[in-house]
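Engineer: Next input, structure requested:
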Amino acid sequence: VQLQASGGGLVQAGGSLRLSCEVSGRTLGNYAMGWFRQAPGKEREFVAAIRWSGEVTYYADSVKGRFSISRGNARNTAYLHMNSLRPEDTAVYYCTADRAYYGPDPKYDYWGQGTLVTVSS
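Structural biologist: Residues are numbered from 1 along each chain as shown. Below you'll find the predicted structure:
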């Protein structure tokens, strides 16, 4: 199973970016997907998660109201729409997937390689 994240880049504070994550390889069946991030010198932290159906989502308080997570129609892709970006959102963003777990802990079985988001002030 491979997770390919993309969409990171450099953006000014107040701007927007959309990250994408595509799952490929062995069929997982129904699985939740999530996003975590890790800023320089800090621990990896939860950002958002979404269930297989796409109808149930979960956000970290730090991004609630600014970020939204969604899934593509084929369900093997997740998106993280990031609005009103702040310098403190600067981090490497990792996408994740798991058949059994859905939540804020880094218990997901599958992880992507990360994509860098840099927000300038």
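Engineer: Please report how far Gly15 lies from His81.
Structural biologist: As judged by C-beta to C-beta, to the nearest Å, Gly15 and His81 stand 12 Å apart. For the C-beta atoms, the positions are set from N, CA and C on the backbone; glycine is no exception.
Engineer: Where do the helices of the protein begin and end?
Structural biologist: Ranges of helices within the chain: none, based on DSSP state H.
Engineer: All the strands of it, in order from the start?
Structural biologist: For the chain, the strands defined by DSSP state E occupy 2-6, 9-12, 17-24, 32-38, 45-50, 57-59, 67-71, 77-82, 91-98, 110-111, 115-120.
Engineer: can you list those strands in JSON lines and add mean neighbour count?
Structural biologist: Output for the strands of the chain, formatted as JSON lines (neighbours: other C-beta atoms under 10 Å):
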{"stretch": "strand 2-6", "mean neighbour count": "17"}
{"stretch": "strand 9-12", "mean neighbour count": "13"}
{"stretch": "strand 17-24", "mean neighbour count": "19"}
{"stretch": "strand 32-38", "mean neighbour count": "24"}
{"stretch": "strand 45-50", "mean neighbour count": "22"}
{"stretch": "strand 57-59", "mean neighbour count": "17"}
{"stretch": "strand 67-71", "mean neighbour count": "19"}
{"stretch": "strand 77-82", "mean neighbour count": "22"}
{"stretch": "strand 91-98", "mean neighbour count": "22"}
{"stretch": "strand 110-111", "mean neighbour count": "18"}
{"stretch": "strand 115-120", "mean neighbour count": "17"}
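Engineer: how about the ones you listed, which one is nearest Pro104?
Structural biologist: Closest approach to Pro104 among the strands of the chain (C-beta to C-beta): strand 45-50, 3.9 Å.
Engineer: How about the contacts made by Leu28?
Structural biologist: Val1, Ala97, Arg99, Tyr110 (C-beta atoms under 8 Å, 6 or more residues apart in numbering).
Engineer: No further queries at this time; thank you.
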